[in-house]
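> Sharing a model that was predicted from the sequence below.
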Amino acid sequence: MKLNETLLIIRQNLIKIYKQYETVILMLLKFIIVFSVITMIGSSVGYIGVFNKVEVVLFLALLGTFLPEKWMVLGFVLLTPVYVAMVNLVLGIVSFVFLWVLYLLFMRLFPKESLLIIAAMMCFNIGLEGLLPVIAGLFGSYVSIIAIIIGTFIWFALPQFSLIIQSHAATKDDILSIFTNLTEGGIADIIGDKTMLCTIVVFFSVFSIVYIIRKQSIDYAPYLAIGIGLIMHLAGFVLAMVFLNIDISMGRILMTTLIIAFIAIPTQFFSKVLDYQRAEIVSFEDEDNYYYVKVVPKLFINTNHKKIKRIYNTKVEHKDYMSNISMPTMYRDQERSIDD
């Protein structure tokens, strides 16, 4: 058996297992993601208290497991300011106002894409933020990159907000002055952050390249999109290091690019496999238009084999003792088709 056939059989068997236990797997993944997000929020703001106990986090994660996407996003909007307010009241108010406005303008309209905001913060936390524009370009729409940019902004904005507010007392009399400092100096510092701006530009460029190429009717377009997108990811940060003096490790960029490749290529492979050798152009017309459509069949390996099993009956001889004549009787061979 060829290597590609073996890989296809493994793929089909894994997909079959996934579909058999799809509900359990998805619930388990949601539980892990919600638990990780709540833990990340508590650790990032430095909160240590009742809401940071394992029992409470497990309960909140279990509750979030059974919620649909839009309620998960709303829970993130409401829960994050609570954790932040436990550390600093003013920062909690600022984060609540910002996230609530963001929810009204974007999250409630695009609940599924808004999950990428949370995913962006998680990927930044583990150092795989470059994976998001590649995966979103392969499977998402242009709304996805907006969510990724928002998540990137939040990730870089939180430390700046913390530095500004830590220099003031968190009393009610100082709230107005803190808001003034945030709007005058804090926003300018965040927008002027070269690392954040370079990251957003590189993410947008990688996403656009991957999205445009995978839409083309060329053979192996998704894999070509992954390759060119990773080259753009590597080149973008290298140029930022050379010309803008961005403090990024070259070794980390190379390692991250390789890890993204090892994740993105199998993800596309398990998504769909096309048989480009049997691709054909179909043309048809109606009263207004003439159409050219490229048809590429999906590739499947038939793992059901038919075996023919022959059962031979023995020769039985009957004797008539009255006439002393042998009367042999033969049974026909029987064939039975067994479908494995």
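Received the coordinates, thanks. Everything numeric in this text was worked out from a predicted model, so none of it was measured.
> Point out where the stretch 101-250 of the chain drops to low pLDDT.
For the stretch 101-250 of the chain, the stretches with pLDDT under 70 are 160-190.
> would you list every one of the helices in it?
Using DSSP state H, counting those that start in this stretch, the helices assigned to the stretch 101-250 of the chain run over residues 111-126, 131-139, 142-166, 175-181, 187-191, 194-214, 221-243, 250-271.
> which parts of stretch 267-279 are buried?
By neighbour count on 16 or more other CB atoms under 10 Å, the buried set for stretch 267-279 is 267-268, 273. For every residue, glycine as well, the C-beta is placed using N, CA and C.
> Could I get the helices of the stretch 101-250 of the chain in a markdown table, plus columns for distance to N289?
Formatted as a markdown table, the helices of the stretch 101-250 of the chain follow (distance: least, CB to CB, whole Å):
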| stretch | distance to N289 |
| --- | --- |
| helix 111-126 | 32 |
| helix 131-139 | 29 |
| helix 142-166 | 25 |
| helix 175-181 | 57 |
| helix 187-191 | 47 |
| helix 194-214 | 24 |
| helix 221-243 | 24 |
| helix 250-271 | 30 |
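> Deepest-packed of those, please.
Burial of these is given as mean neighbour count (mean count of other CB atoms under 10 Å); helix 131-139 ranks first at a mean of 24.
> Dump stretch 287-299 to PDB, restricted to CA.
What follows is stretch 287-299, C-alpha atoms only, in PDB (Å, rounded to 0.1, in the frame of the first residue of the first chain):
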ATOM      1  CA  GLU A 287     -30.500  33.100 -20.400                       C
ATOM      2  CA  ASP A 288     -28.200  35.800 -18.800                       C
ATOM      3  CA  ASN A 289     -24.800  34.200 -18.200                       C
ATOM      4  CA  TYR A 290     -22.300  31.600 -19.400                       C
ATOM      5  CA  TYR A 291     -20.500  29.700 -16.600                       C
ATOM      6  CA  TYR A 292     -17.200  28.000 -16.300                       C
ATOM      7  CA  VAL A 293     -16.900  25.900 -13.200                       C
ATOM      8  CA  LYS A 294     -14.000  23.800 -12.000                       C
ATOM      9  CA  VAL A 295     -15.000  20.600 -10.400                       C
ATOM     10  CA  VAL A 296     -12.500  18.900  -8.200                       C
ATOM     11  CA  PRO A 297     -13.800  15.600  -6.600                       C
ATOM     12  CA  LYS A 298     -13.000  14.800  -3.000                       C
ATOM     13  CA  LEU A 299     -10.700  11.900  -2.500                       C
END
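> In it, which residues are buried?
By neighbour count on 16+ other CB under 10 Å, the buried set for stretch 287-299 is V296.
> which residues are in contact with it?
8, 217, 272-276, 278-285 (CB atoms under 8 Å, 6 or more residues apart in numbering).
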